[in-house]
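Trainee: The following comprises the amino acid sequence and a computationally predicted model.
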Amino acid sequence: MRIGVFCPNWVGDSVMALPFLTACKQENPESTLLVICKSWVAPIFENNPFVDGIVSFEKKDLSGYRSTHSSGQSLRALDLDYFYLLSDSFRSAYLANKSESIQRIGYPGQGRSGFLTQIIPRPIRKIHRTEQYLGLLNRYSGEINLELSSIQLFDEEKSWAKDQLNQLGFLKPIAFFPFSVASSRSIPQIKALEIVEKTTEPIVVFGGKGDQERAEILVSASPKKNIVTVAGHYNLRESMALISECKGAIASDSGLGHISLNLGVPTVSLFGAGDSDITRPLGDISRIINENVECSPCLKNKCDNRDDPLLCLNEVRPDLPWEVLNELLGKTNPNGG
């Protein structure tokens, strides 16, 4: 049996999809399981013991009708028996249809039902996104295997990360992810500065290339001597390796917060615009800060609160993330060793 899984386009969603891959392979241990995804999330699935291969597409490969049609036809060579769609987009269903997979399984919506051979009814109650993905296998609460659904780093990547941090003079720093793809979920610069000033811990600021300038401004504005930015300096695999060597993490509602927790790093995430019941990082060493202001969660990518922009994040006391993280670190390492 050959199974294709079209994974989500966003980093955080792809991390939340890992338990689906685990469950799918466990239910079909003799199958060949292939991840189909955008190139920028492919590193999340590398070295995964439940994944037999990765087929990745660049943005241009799925940017219009002709390119999507051609990319879908290229998947025919995979000879898929099953094609699971974790993405809810019309484009992903069209891609699956053109692959000529025997079974194409997904949720309805966006006029794509005609491309599916098995339409799974959407859950009536609100559930976490990981549960939603597992719903395509008819598996829900109580069956999420987080332990076997971790990002797998190579030993040489871990060694490289330790060397990089040693060169910075940092031993087990705190990772800070103030940025998000959506501006409504990014920690405001002033608030981020207030947060980093509330600790003596060494801090490494992470982010993508688009966050590089803001990260540099944040670091230069801080009077702290033991804070550096690596935002935009490393690729995703390298960033994940560096994050894995951190003692803890403070995150915006972002993909990096999902990554740090998945890698076993105690993580405190600040939520506001997003619904933490649906997209919070899942795990015992995860904590959420949510001030639950009147307009939250708005589920918007851009804050439209003109009277008090980003109220949901500005209401957070700058010392609160550290209080929560220190409590979490104490529980995960009670002897302080």
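Mentor: Perfect, I can see it now. Numbering: from 1, shown residues only.
Trainee: bridging residues for F6?
Mentor: I36, L85 (DSSP bridges).
Trainee: Would you check how far apart it and M16 are?
Mentor: Using CB to CB, to the nearest Å, F6 is found at 14 Å from M16. To be clear about C-beta, it is placed using only N, CA and C from the backbone, and glycine gets the same treatment.
Trainee: cool, and F45?
Mentor: In this structure, F45 and M16 are 13 Å apart, going by CB to CB.
Trainee: More neighbours: those two, which one.
Mentor: Using other CB atoms under 10 Å as the criterion, F45 and M16 rank with M16 on top: 29 against 22.
Trainee: dump the residue contacts of that one.
Mentor: Listed by CB atoms under 8 Å, 6 or more residues apart in numbering, the contact partners of M16 are 8, 128-130, 133, 258, 279, 282.
Trainee: Need the residues you listed in JSON lines (columns: secondary structure and distance to N166).
Mentor: Shown next, in JSON lines, are the contacts of M16 (DSSP: H, G, I helix; E, B strand; the rest coil; distance: CB to CB, whole Å):
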{"residue": "P8", "secondary structure": "coil", "distance to N166": "35"}
{"residue": "H128", "secondary structure": "coil", "distance to N166": "37"}
{"residue": "R129", "secondary structure": "helix", "distance to N166": "37"}
{"residue": "T130", "secondary structure": "helix", "distance to N166": "35"}
{"residue": "Y133", "secondary structure": "helix", "distance to N166": "38"}
{"residue": "H258", "secondary structure": "helix", "distance to N166": "27"}
{"residue": "T279", "secondary structure": "helix", "distance to N166": "34"}
{"residue": "L282", "secondary structure": "coil", "distance to N166": "32"}
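Trainee: most surrounded residue in the residues you listed?
Mentor: H258 (30 neighbours).
Trainee: so that one makes contact with P19?
Mentor: No. With contact defined as CB atoms under 8 Å, H258 and P19 do not form a contacting pair (12.0 Å).
Trainee: who does the helix or strand hosting V228 pair up with?
Mentor: Secondary structure from DSSP states H and E places V228 in strand 227-229. Strand 227-229 pairs in its sheet with strand 203-205 (parallel), by DSSP bridges.
Trainee: downstream neighbour of the partner strand in the secondary structure list?
Mentor: Strand 203-205 is succeeded, C-terminally, by helix 212-221 (DSSP H and E).
Trainee: How is the chain partitioned into domains?
Mentor: 2-137, 158-332 (automatic domain parsing).
Trainee: of all those domains, which lies closest to N145?
Mentor: domain 2-137 (5.2 Å; CB to CB).
Trainee: Between its first and last residues, how far does that closest one reach?
Mentor: 16 Å (CA to CA, to the nearest Å).
Trainee: swap in stretch 28-43?
Mentor: Separation of the first and last residues of stretch 28-43 by CA to CA is 23 Å.
Trainee: Give the buried residues for it.
Mentor: Across stretch 28-43, burial judged by 16 or more other CB atoms under 10 Å covers 28, 32-38, 40-43.
Trainee: which stretches of the stretch 51-200 of the chain form helices?
Mentor: Using DSSP state H, counting those that start in this stretch, the helices of the stretch 51-200 of the chain run over 65-74, 90-99, 129-134, 155-168, 189-196.
Trainee: just to revisit the earlier point, can you list the domains of the chain in JSON lines and add distance to L148 and mean pLDDT?
Mentor: As requested, the domains of the chain are arranged in JSON lines below (distance: least, CB to CB, whole Å; pLDDT from 0 to 100):
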{"stretch": "domain 2-137", "distance to L148": "5", "mean pLDDT": "95"}
{"stretch": "domain 158-332", "distance to L148": "12", "mean pLDDT": "95"}
